[in-house]
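[1] Sequence first, predicted coordinates after that:
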Amino acid sequence: AQTVTQSQPEMSVQEAETVTLSCTYDTSENNYYLFWYKQPPSRQMILVIRQEAYKQQNATENRFSVNFQKAAKSFSLKISDSQLGDTAMYFCAFMKPNTGANSKLTFGKGITLSVRP
Amino acid sequence: DAGVTQSPTHLIKTRGQQVTLRCSPKSGHDTVSWYQQALGQGPQFIFQYYEEEERQRGNFPDRFSGHQFPNYSSELNVNALLLGDSALYLCASSSRPGNQHFGDGTRLSIL
């Protein structure tokens, strides 16, 4: 079974600064997907970024980028130029591709990020 | 283009009752997954429906059941409600293969 660990329960960052959120996972699979989701107080889970394990290049989406270390089973999210709207809970998630229907997501416990004005 | 819609937004029930939650997937999506998110925790996978059949199931008792209709919408039913069933229930839809898109969730409170 796969596990996802987010050991930092809370983090705070000054607006316009850079912050890195940590995530580690455990799996015996070689091919899989990793995700970061954002959940603001409005409750909706929003996909921030996705990384395929077979890709060596780290994924980037505008101000969001990841540091994917497959051997260390580490998947951190870097948020550059933090904005007040980035305040939310952030979840790291793992998905094992399934040959049948779309596979399930396994989530970590999440980290609460607060951006200070 | 409507995203994933869930109803109701909030529901209050008492122990022992039964509840039905509804989900309409994003246009073009044919797979629906349900997750339970306890307060302060990450979502836990309940089950997934594709082609009107349950394809995968997480570690949830048989009190949790579901259904998918020909138009791909889905229902989550929970029988004999317990206090511990109080949570945010999230529905996610996807196409094969594809990212899962989440709705706003249904907040279920058990008294």
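    Noted; the coordinates are in hand.
[2] going forward, measure contacts between C-alpha atoms and count neighbours the same way
    Will do.
[3] which residues does the residue most central in space within chain A contact?
    The residue lying closest to the centre of chain A (CA atoms, centre = their mean) is A:Trp36, at 2.7 Å. Remark: with contacts taken as CA atoms under 8 Å, 6 or more residues apart in numbering or on different chains, A:Trp36 is in contact with A:Leu47, A:Val48, A:Ile49, A:Arg50, A:Leu77, A:Tyr90, A:Phe91, A:Cys92, A:Ala93.
[4] In chain B, which residue is most central in space?
    Centre of chain B computed as the mean C-alpha position; nearest residue by CA atoms, centre = their mean is B:Trp34, 3.5 Å away.
[5] With B:Ser33 as the reference, measure out to B:Leu81.
    Using CA to CA, to the nearest Å, we find B:Leu81 at a distance of 21 Å from B:Ser33.
[6] These two - which one has more neighbours?
    B:Ser33 (30 against 19; other CA atoms under 10 Å in any protein chain shown).
[7] Quick check, the more buried one in contact with B:Pro43.
    No. When contacts are counted by CA atoms under 8 Å, B:Ser33 is not listed as touching B:Pro43 (11.4 Å).
[8] do you know how far the residue nearest to the centre of chain B is from B:Pro70?
    In terms of CA to CA, B:Trp34 sits 17 Å off from B:Pro70.
[9] where does chain B have low pLDDT?
    Low-confidence regions of chain B, defined by pLDDT under 70, span residues B:1, B:96-97.
[10] interface residues of it facing chain A?
    B:31, B:33, B:40-45, B:48, B:50, B:55-56, B:94-98, B:101-105 (CA under 8 Å from any CA of the partner chain).
[11] Which ones among these map onto strands?
    Secondary structure defined by DSSP state E assigns B:Thr31, B:Ser33, B:Gln44, B:Phe45, B:Gln48, B:Tyr50, B:Arg55, B:Gln56, B:Ser94, B:His101, B:Phe102 of the residues of chain B next to chain A to strands.
[12] re earlier: what about the residue nearest to the centre of chain A, which helix or strand?
    Secondary structure assignment for A:Trp36, by DSSP states H and E: strand A:33-39.
[13] what is the mean pLDDT for stretch A:66-77?
    Per-residue pLDDT values over stretch A:66-77 give a mean of 97.
[14] How far does that stretch sit from its chain's centre?
    Mean-position distance between stretch A:66-77 and its chain equals 10 Å (CA atoms, centre = their mean, to the nearest Å).
[15] is it true that A:Val115 touches A:Ile79?
    No. Taking CA under 8 Å as the contact criterion, A:Val115 and A:Ile79 are not neighbours in contact, 10.9 Å apart.
[16] of the residues of chain B next to chain A, buried ones?
    The neighbour-count criterion (16 or more other CA atoms under 10 Å in any protein chain shown) marks B:31, B:33, B:42-45, B:48, B:50, B:55-56, B:94-96, B:101-105 among the residues of chain B next to chain A as buried.
[17] picking up where we left off before, any chance of the contacts of A:Trp36 in TSV, plus neighbour count, secondary structure and distance to chain B?
    Listed next are the contacts of A:Trp36 as TSV, based on neighbours: other CA atoms under 10 Å in any protein chain shown; DSSP: H, G, I helix; E, B strand; the rest coil; distance: CA to the nearest CA, whole Å:
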residue	neighbour count	secondary structure	distance to chain B
A:Leu47	17	strand	8
A:Val48	18	strand	11
A:Ile49	19	strand	10
A:Arg50	20	strand	9
A:Leu77	23	strand	17
A:Tyr90	28	strand	9
A:Phe91	29	strand	7
A:Cys92	30	strand	9
A:Ala93	28	strand	9
